[in-house]
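# here are the coordinates; sequence isn't available:
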């Protein structure tokens, strides 16, 4: 399923928000580049966790899916070590949940993403 795209008006609103956030980060960091970097990094990580969950959450889900799928890739059905597996979401906005994910080989995942039109 393709991810929703922002309209031109929505993109403009997002860009305005980004400009506001950048200005606030500049003010918070008071010219300290290391502090600015730390603030940016903190926001980046938290926003990604809002979308993807924490690394611990995904690790637990990956272990659950590996057991559920009996150690096999959901695409090619061949054996798969956990270290070479990836969680694939059926519907990206629905997040990383047991119902919305499957565990797949890296190579199988890339082939599937290519078929779906992702690069």
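That came through, no problem. Just so it is clear, the structure is predicted and the values come from calculations on it, not from any experiment.
# any weak-confidence spans in the chain?
Scanning the chain for pLDDT under 70 picks out the ranges 1-2, 119.
# those strands in it, which residues are they?
For the chain, strands defined by DSSP state E occupy the ranges 85-89, 101-105.
# Quick check: which of those has the most neighbours on average?
strand 101-105 (a mean of 22; mean count of other Cβ atoms under 10 Å). (C-beta placed from N, C-alpha, C; glycine too.)
# For that one, name the packing helices and strands.
helix 55-68, strand 85-89 (3 or more Cβ pairs under 8 Å, 6 or more residues apart in numbering; DSSP states H and E).
# what comes up buried for stretch 23-35?
Of the residues in stretch 23-35, those with enough neighbours to count as buried (16 or more other Cβ atoms under 10 Å) are 25, 29.
# Run through who's touching it.
Applying Cβ atoms under 8 Å, 6 or more residues apart in numbering, the external contacts of stretch 23-35 come out as 36, 39-40, 43.
# Can you add distance to residue 29 and give the strands of the chain back as a markdown table?
Output for the strands of the chain, formatted as a markdown table (distance: least, Cβ to Cβ, whole Å):
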| stretch | distance to residue 29 |
| --- | --- |
| strand 85-89 | 35 |
| strand 101-105 | 37 |
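# Let me know which of those is the nearest to residue 59.
Closest approach to residue 59 among the strands of the chain is made by strand 85-89 (9.8 Å; Cβ to Cβ).
# Other residues contacting the closest one?
So strand 85-89 is contacted by 58, 61-62, 65-66, 73-74, 95-96, 100-106, 109, 112 (Cβ under 8 Å, 6+ apart).
# Can you say which of the contacts of stretch 23-35 are buried?
36, 39.
# top helix in the chain by residue count?
Longest helix in the chain, counting residues (DSSP state H): helix 8-29.
# Give me the domain ranges for the protein.
8-52, 55-115 (automatic domain parsing).
# Just name the most buried of these.
domain 55-115 (a mean of 15).
# picking that back up, so which of the helices and strands packed on strand 101-105 comes closest to residue 116?
The closest of these to residue 116 is strand 85-89. By Cβ to Cβ, the value is 10.1 Å.
# Adjacent strands (with direction) for the closest one?
strand 101-105 (antiparallel) (DSSP bridges).
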